[in-house]
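1. no FASTA, just this:
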């Protein structure tokens with residue numbers, strides 16, 4: 001899937017150093033689900049930009065995790 005028009009692509013192409021970061025949510029181009037993107041730049045020889053490594057995490061995954069958590073009265077969960 002082509003993600004070169006996504007804001008995170010341009011950001012990581014301009015600054016390819018650093019750890020993976022979360023972006024989004026975005027509508028997945030794979031299945032249309034609301035999704036968070038975990039992305040980092042892939043660097044080639046000399047540190048030049050060579051693409052992205054991404055993992056898509058559907059928001060539904062977090063909804064299921066939080067639904068199963070017993071937080072009690074006044075409890076909270078954070079990412």
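-> Yes, it's here. All values derive from a computational prediction rather than experimental measurement.
2. pull the distance from the helix or strand hosting residue 64 to the chain's centre.
-> Assigned by DSSP states H and E, residue 64 belongs to helix 59-68. Offset of helix 59-68 from its chain centre (Cα atoms, centre = their mean, to the nearest Å): 16 Å.
3. what does it contact?
-> 25, 33-36, 77, 79 (Cβ atoms under 8 Å, 6 or more residues apart in numbering). Yep, even glycine has a C-beta here, placed from its N, CA and C like the rest.
4. where does this structure have low pLDDT?
-> 79 (pLDDT under 70).
5. please enumerate the helices of it.
-> 7-14, 59-68 (DSSP state H).
6. so can I have CSV of the ones you listed showing mean neighbour count and distance to residue 46?
-> Rendered in CSV, the data for the helices of the chain read as follows (neighbours: other Cβ atoms under 10 Å; distance: least, Cβ to Cβ, whole Å):
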stretch, mean neighbour count, distance to residue 46
helix 7-14, 15, 15
helix 59-68, 11, 37
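7. in space, what's closest to residue 48 - neighbours in sequence excluded?
-> Using Cβ to Cβ, 6 or more residues apart in numbering and skipping the chain neighbours, the partner closest in space to residue 48 is residue 16 (7.6 Å).
8. if we can go back for a sec, can I get the helices of the chain in CSV including distance to residue 43?
-> Putting these into CSV (distance: least, Cβ to Cβ, whole Å) gives the following:
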stretch, distance to residue 43
helix 7-14, 10
helix 59-68, 29
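9. tell me which of those helices lies nearest to residue 42.
-> helix 7-14 (9.1 Å; Cβ to Cβ).
10. center of the chain, which residue is that?
-> residue 37 (1.6 Å; Cα atoms, centre = their mean).
11. my guess is it contacts residue 8. True?
-> Yes - using Cβ atoms under 8 Å, residue 37 makes contact with residue 8 at a distance of 6.2 Å.
12. now for those two: what residues contact both?
-> residue 23.
13. so what's residue 39 bridging to?
-> residue 21, residue 54 (DSSP bridges).
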